[in-house]
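> need a 3D model of the sequence below.
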Amino acid sequence: MAEYLTLKTADCKNCYKCIRHCPVKSIKFSNNQAHIIDDECILCGNCFVTCPQKAKEIRNDIEAARALLKSGAPVYASVAPSFAVNYAVRNRTDDGAPGNEGGKAAAKAAIPNSFSMGRMKRALKQLGFAGAEETALGATMVKQRYDAMIDAEEQDIIISSCCPSVNLLIQKYYPMAIPCIAPVMSPMQTHCMDIKRRYPGAKTLFAGPCISKKAEAETDGNAGFPNGGPVDCVLTFAELSQWFEEENIRLDDNSPENDEAVDPDRGKESCTMARAFPTTAGILHTMEKKNPHYAYLAIDGIDNCKAAIEDILEGRLGKCFIEMSACSGSCINGPVMSASMPIRDYMAVRSFAGNKDFEVAVYSGDELHRTFKTLSPRKVRLGTKAIEDVLRKLGKTKPEHELNCGSCGYNTCREKAQAVLEGKATLTMCLPYLKERAESFSDDIIKNTPNGIIVLNETLEVQQINTAACRIFNINPQDILGDQVIRVLDPLPFIEACRQEKNRYNRREYLADYEKYIDQTIIYDKNYHIIIGIMRDVTLEESRKAAKEEFNRKTIEITDRVIEKQMRAVQEIASLLGETTAETKVALTKFKESLSNE
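Prediction:
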């Protein structure tokens, strides 16, 4: 399958919302990015609609449409009937708003003004189209074929073939139900085939609210048609609007004369019943339903369609015609509708549709025949042991560990484990697993760090305390958890940190009650509204410091005493030496004088 949906790599934020909303889990997550698995995708567009980052993109075929117009062949547009509300003017209904005069006028104002086919034709002709018609013409032909099948009781169960996403769902995931699909072309294919028969050599372009129509136009569901199929190009309404904007074509000129000039069906509004096709039960609304032996059901939404198909395969349904639509609310709530107001849009489309059929050519069953083949993706189903091995890696060793919370995008833990084995998911997509692993890692750090840690809320109640802090305060955790910090610590530093929103680091404090010294760091986390106290017990360090200071003091004292004694000794020696020297001097002087007299 071609890539009709692509991903803006840089915009994926690992939220798994696309996986959560994908009804068939056709999304692979690797390298921190979501990737659509084309062979498994049914192109319902849920991932495109729900992605909060708008990371999904629909393939843009405007250039292909421009090339079609430049080919030289006349190009006719088939416009899906939901255009009437996609391009409608939405009236306000609050007080004082236009159309709020009360009674019927107010009720009418609550419904979007339907956009006329006349204006659409005029805009498309400005782009270069040879003409434009409503796909509802093809819908009329298709519903006539459905009525004929029911009258002839050709199938016990008949599932409408109008929604390509439903067709893909059955072809890929419920191939045993393929015989239940009506072997009839969709309104888009039928209308484009009719156009090509009426205008030999013409090319066709379909515009609508659906992504999967691009695939329907290009896949081998069109086998048997010349040149690849009756539909040459498909644009979503978003692409068509972009094209109008690029060419500066305005759609808001609603003057009646403009509508009349390009809309040959104007004045025949009663013969437009098939315009109701894009609403839930819209197909049934247009059908005759003459056969009383058949039940007639309308089902919308993929999950409801899956349940109905499973009922069919289980043999719980029979003798019925089932209108199936992948979108809740049917096509008027398609993935590329400009705005969704389901109730108002339903009312607008039903009021836009007439009560009689379009006047169309009647085709035989062979002319409208389409075949559907199995497209089941290849999947390897591994045994229970392999799944349990994955669950064990996620820490889920007991049934009660399987929370089935859906945070990874999968409905159950076992479904997620299967996806891991298929290479579509990773272990780290499990939020409880990551949370437990992070908490375990964090708890290990807090539990084994030699520093005391105490966590308070903004009202100074103790929320957490580790073993090291309990040793400092000589308490058990349960003795202090939930109580005020004043029971063990001076609250003033914590109050200041909270009020001033300023952290303090490594301030030495003496805890007199515990005869301990600590280096205290206080951190205020405004985002989590907590105050964290980190305490390093430095009592031994302080004791050693005090012991060293005492040793130094005593050493200095001893040194001073030694010096003092030495000085006294020196002084005494000096005194004795002085006296001896004087006496010697006197004696020698006298001896000298005695010698001189002789």
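
> make it CA atoms for all contacts and neighbour counts henceforth
OK.

> Leu481 sits in which helix or strand?
Assigned by DSSP states H and E, Leu481 belongs to no helix or strand.

> grab the nearest non-local neighbour of it.
Val462 (5.1 Å; Cα to Cα, 6 or more residues apart in numbering).

> what about the one you found, distance to Asp519?
According to Cα to Cα, to the nearest Å, Val462 stands 19 Å off from Asp519.

> between the two, which one's more packed in?
Remark: of Val462 and Asp519, Val462 carries more neighbours, 23 against 17, as counted by other Cα atoms under 10 Å.

> mind checking the SS state of that one?
Under DSSP: H, G, I helix; E, B strand; the rest coil, the three-state class of Val462 is strand.

> tell me if I'm right that it and Pro477 touch.
No: the criterion here is Cα atoms under 8 Å, and Val462 misses it with Pro477 at 9.7 Å.

> follow-up on the earlier one: pLDDT at the residue nearest to Leu481, what is it?
Looking at Val462, its pLDDT stands at 92.

> likewise for Ser116?
84.

> burial measure for it, as a count.
Number of residues near Ser116 (other Cα under 10 Å) recorded here: 19.

> tell me how far it lies from Ile37.
39 Å.

> and Arg553, by the same measure?
81 Å.

> could you check which of these two has the larger neighbour count?
Taking neighbours as other Cα under 10 Å, Arg553 and Ile37 compare with Ile37 leading, 17 against 12.

> how near is that one to Cys22?
Distance from Ile37 to Cys22, by Cα to Cα: 11 Å.

> then Phe473?
55 Å.

> same check, this time on Ala353
33 Å.

> now His285
As judged by Cα to Cα, His285 and Cys22 stand 30 Å apart.

> now Arg197: which helix or strand?
Counting by DSSP H and E, Arg197 is found in helix 187-198.

> avg pLDDT for the helix or strand following that helix?
Following helix 187-198 in sequence order, the next helix or strand is strand 203-208 (DSSP H and E). For strand 203-208, mean pLDDT rounds to 96.

> what domains does the record give for the protein?
Following automatic domain parsing, the chain resolves into domains at 60-253+269-352, 384-436, 451-537, 552-598.

> all the helices of the stretch 351-500 of the chain, residue numbers only.
For the stretch 351-500 of the chain, the helices defined by DSSP state H, counting those that start in this stretch occupy 384-393, 413-421, 431-448, 467-473, 492-500.

> tell me the angle the first one makes with helix 413-421.
Read it as helix 384-393. Interaxial angle of helix 384-393 relative to helix 413-421 (axes from the mean of the first three to the mean of the last three Cα atoms, to 10 degrees): 100 degrees.

> check the protein for its longest strand and report it.
Among all segments of the chain classified by DSSP state E, the strand with the greatest residue count is strand 516-525.

> using PDB, write out every CA atom in the helix or strand just after that one.
Next along the chain after strand 516-525, taking DSSP H and E as the criterion, comes strand 530-537. Backbone C-alpha positions of strand 530-537 (Å, rounded to 0.1, in the frame of the first residue of the first chain) are rendered in PDB as follows:
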ATOM      1  CA  ILE A 530       8.100  20.300  48.300                       C
ATOM      2  CA  ILE A 531      11.100  21.300  50.400                       C
ATOM      3  CA  ILE A 532      14.000  18.900  50.500                       C
ATOM      4  CA  GLY A 533      16.500  18.900  53.400                       C
ATOM      5  CA  ILE A 534      19.800  17.200  52.800                       C
ATOM      6  CA  MET A 535      21.900  16.600  55.900                       C
ATOM      7  CA  ARG A 536      25.500  15.300  56.100                       C
ATOM      8  CA  ASP A 537      26.400  14.100  59.600                       C
END
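
> quick one: mean pLDDT for the helix or strand following strand 530-537?
Under the assignment DSSP H and E, the closest C-terminal helix or strand after strand 530-537 is helix 539-597. The average pLDDT within helix 539-597 is 82.

> so what's the residue count around Lys25?
Residues contacting Lys25 under the criterion other Cα under 10 Å number 20.

> give the contact list for the closest residue to it other than its chain neighbours.
Excluding the flanking residues, the one nearest Lys25 by Cα to Cα, 6+ apart is Ile19, at 5.9 Å. Applying Cα atoms under 8 Å, 6 or more residues apart in numbering, we find Ile19 in contact with 25-27, 47, 408-410.

> what's the closest of those to Cys430?
Cys408 (5.3 Å; Cα to Cα).

> was I right to think that closest one contacts Met429?
Yes: counting by Cα under 8 Å, Cys408 does reach Met429; the two are 5.2 Å apart.

> tell me which of the two has more neighbours.
Cys408 (24 against 20).

> distance of Ala132 from Ser340?
With distances taken as Cα to Cα, Ala132 is found 25 Å from Ser340.

> now do the same for Leu489: its pLDDT.
91.

> could you pull up the residues touching the closest residue to Gln464 other than its chain neighbours?
In space, Gln464 comes closest to Val455 once its chain neighbours are excluded; the distance is 5.0 Å by Cα to Cα, 6+ apart. Going by Cα under 8 Å, 6+ apart, Val455 touches 462-465, 530-533.

> possible to save those residues as a markdown table with distance to His369?
Converted to a markdown table, the contacts of Val455 look like this (distance: Cα to Cα, whole Å):
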| residue | distance to His369 |
| --- | --- |
| Val462 | 75 |
| Gln463 | 71 |
| Gln464 | 72 |
| Ile465 | 75 |
| Ile530 | 70 |
| Ile531 | 73 |
| Ile532 | 73 |
| Gly533 | 77 |
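
> out of the contacts of Ile19, flag the one nearest to Thr280.
Cys47 (21.9 Å).

> what does the helix or strand harbouring the closest one contact?
Element membership of Cys47, judged by DSSP H and E, is helix 46-50. By Cα under 8 Å, 6+ apart, the list of residues contacting helix 46-50 from outside reads 17-19, 21-22, 54-57, 335.

> what about the nearest residue to Asp232 once chain neighbours are set aside, neighbour count?
Using Cα to Cα, 6+ apart and skipping the chain neighbours, the partner closest in space to Asp232 is Thr204 (5.4 Å). Neighbour count of Thr204, defined by other Cα under 10 Å: 28.

> got a list of what Thr204 touches?
Per Cα under 8 Å, 6+ apart, neighbours of Thr204: 75-78, 192, 195-196, 230-233.

> which of those residues lies closest to Ala276?
Ser78 (15.9 Å).

> where along the stretch 101-250 of the chain do the strands fall?
Per DSSP state E, counting those that start in this stretch, the stretch 101-250 of the chain carries strands over the ranges 131-134, 157-159, 203-208, 233-236.

> which stretches of the protein have low pLDDT?
Residue ranges of the chain with pLDDT under 70: 1-2, 10-11, 89-114, 220-228, 253-270, 435, 438-442, 591, 597-598.

> tally up the residues packed near Leu391, please.
The tally of other residues near Leu391 (other Cα under 10 Å) stands at 23.

> same deal with Tyr294?
For Tyr294, the count of nearby residues is 18 (other Cα under 10 Å).

> cool, and Ser338?
17.

> contacts only, for it.
Contacts of Ser338 by Cα under 8 Å, 6+ apart are 86-87, 237-238.

> make CSV out of the residues you listed and add distance to Glu579 and neighbour count.
Shown next, in CSV, are the contacts of Ser338 (distance: Cα to Cα, whole Å; neighbours: other Cα atoms under 10 Å):
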residue, distance to Glu579, neighbour count
Asn86, 129, 24
Tyr87, 130, 21
Phe237, 128, 23
Ala238, 124, 18
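
> which among the residues you listed gets closest to Asp300?
Closest to Asp300, out of all of the contacts of Ser338 and judged by Cα to Cα, is Asn86, at 19.5 Å.

> I'd assumed Ala84 was in contact with Ile332.
No: assessed by Cα under 8 Å, Ile332 is found out of contact with Ala84, at 9.5 Å.

> and those two? which has more neighbours close in?
A count of neighbours by other Cα under 10 Å puts Ile332 above the other of Ile332 and Ala84, at 34 against 23.

> would you put the C-alpha positions of stretch 353-371 in CSV?
Written as CSV, here are the backbone C-alpha positions of stretch 353-371 (Å, rounded to 0.1, in the frame of the first residue of the first chain):
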residue,chain,number,x,y,z
ALA,A,353,-31.5,16.0,0.7
GLY,A,354,-34.8,15.7,-1.2
ASN,A,355,-37.3,12.9,-0.9
LYS,A,356,-37.0,11.5,-4.4
ASP,A,357,-34.1,9.8,-6.3
PHE,A,358,-31.9,11.5,-8.7
GLU,A,359,-32.7,10.7,-12.3
VAL,A,360,-29.9,8.4,-13.2
ALA,A,361,-29.0,5.6,-15.7
VAL,A,362,-29.6,2.1,-14.5
TYR,A,363,-26.7,-0.3,-14.6
SER,A,364,-26.8,-4.1,-14.3
GLY,A,365,-25.1,-6.0,-11.5
ASP,A,366,-22.3,-7.1,-13.8
GLU,A,367,-21.6,-3.5,-14.8
LEU,A,368,-21.4,-2.4,-11.1
HIS,A,369,-19.6,-5.6,-10.0
ARG,A,370,-16.5,-5.3,-7.8
THR,A,371,-14.5,-8.1,-6.2
